[in-house]
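Trainee: A predicted structure for the sequence below; I have some questions about it.
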Amino acid sequence: MTSPIHLTLVPTPVGNLGDITLRALEVLKNADAVACEDTRVSSFLLKHFGIDKPLVRLDQHTFKERAAGVLERYPRLAFVTDAGTPGIQDPGEELVKMVLERGGKVEVLPGPTALIPALVLSGFPTQPFCFEGFLPRTGRERKERLEALIHRTMTSLFYESPHRLQGTLEDLSKLAGPERRVSITRELSKKFEETYRGTLEEALNHFKDGIKGEIVVALSPFVKTEPVLGDFRALAQELALEGGGTRTIRDELMAAGLRKNDAYVLALEVTGSSGKP
């Protein structure tokens, strides 16, 4: 009789090996095998904790041809990525679907992730927020995603590679303006952990000589700027010179974004309290 499939996604440290949980170690020790993206990375992890289990490479290049056979051979399977919580932009997502389609059980352990620490470290609002994963590298889809991202009224986060960071910051600066604020966190929990906070223009200058490590970028929420009162006064005076009455000017000012009471007071000011309605 074939054993039921039991898949456990096991988060692994994003840097400091001390961040692994006791439950993660227990699952790895009791699994039939450990599937992973890179056997070199994962063998180092297992060896460090004295765990001797079969390691099976299951990355984006081998998933289609190997996944079904791996589940048949090792029904109690643990899956890890190179770092962090599996299932987001890695083969873990497809593996979960495959197991569920076969009526198996899926568990996801809580544990290390780069996303949440980077969000909190940014100093930007944390509720709600939007996570983009990795942005498309080129083309129309990238442009559309960036356009959507810069207009969100919530903090937006995404992963980026070191050699593409400068280009992405340049794109964001052109679309959102150089004064838009950004937070860039790299090498979380490692010796050279850094969180840089500043404008897009400042970040471009700060990282002009390059950057190393895993990166999480947080972009501050879009804030709609209201025209200053002087702008409304200039509009009101222009309308008055054109012969507009108090009511007309009030309505035009409200349509431009001024509150009703303020619009009425300003309309009275430029027409005179006894101005025509």
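Mentor: Looks like it arrived, so ask away. Here the structure is a predicted model, which is why all the values come from computation and not from measurement. Numbers count the residues shown, from 1 in each chain.

Trainee: the residue nearest in space to the middle of the chain pairs with what?
Mentor: Nearest to the mean C-alpha position of the chain, by Cα atoms, centre = their mean, lies Leu157 at 2.3 Å. For Leu157, the beta-bridge assignment (DSSP bridges) gives partners Phe131, Ala218.

Trainee: what pLDDT is listed against it?
Mentor: Model confidence at Leu157, given as pLDDT, is 97.

Trainee: same question, Pro112
Mentor: pLDDT at Pro112 comes out at 92.

Trainee: so who does it touch?
Mentor: Contact analysis of Pro112 by Cβ atoms under 8 Å, 6 or more residues apart in numbering lists Pro11, Thr12, Pro13, Val14, Asp19, Ile20, Ala83, Gly84, Thr85, Ser189. Yep, even glycine has a C-beta here, placed from its N, CA and C like the rest.

Trainee: that one in helix, strand or coil?
Mentor: When classified by DSSP: H, G, I helix; E, B strand; the rest coil, Pro112 comes out as coil.

Trainee: and it, how far from Thr85?
Mentor: As judged by Cβ to Cβ, to the nearest Å, Pro112 and Thr85 stand 7 Å apart.

Trainee: what is in contact with those two at once?
Mentor: Common neighbours of Pro112 and Thr85 (Cβ under 8 Å, 6+ apart) are Pro11.

Trainee: my guess is the residue nearest to the centre of the chain meets Ala218, correct?
Mentor: Yes - Leu157 lies in contact with Ala218 (Cβ atoms under 8 Å); the separation is 4.8 Å.

Trainee: run through the strands of the stretch 1-150 of the chain in chain order.
Mentor: Assigned by DSSP state E, counting those that start in this stretch, the strands in the stretch 1-150 of the chain fall at 6-9, 33-36, 55-57, 76-80, 105-108, 129-134.

Trainee: thanks a lot, see you next time.
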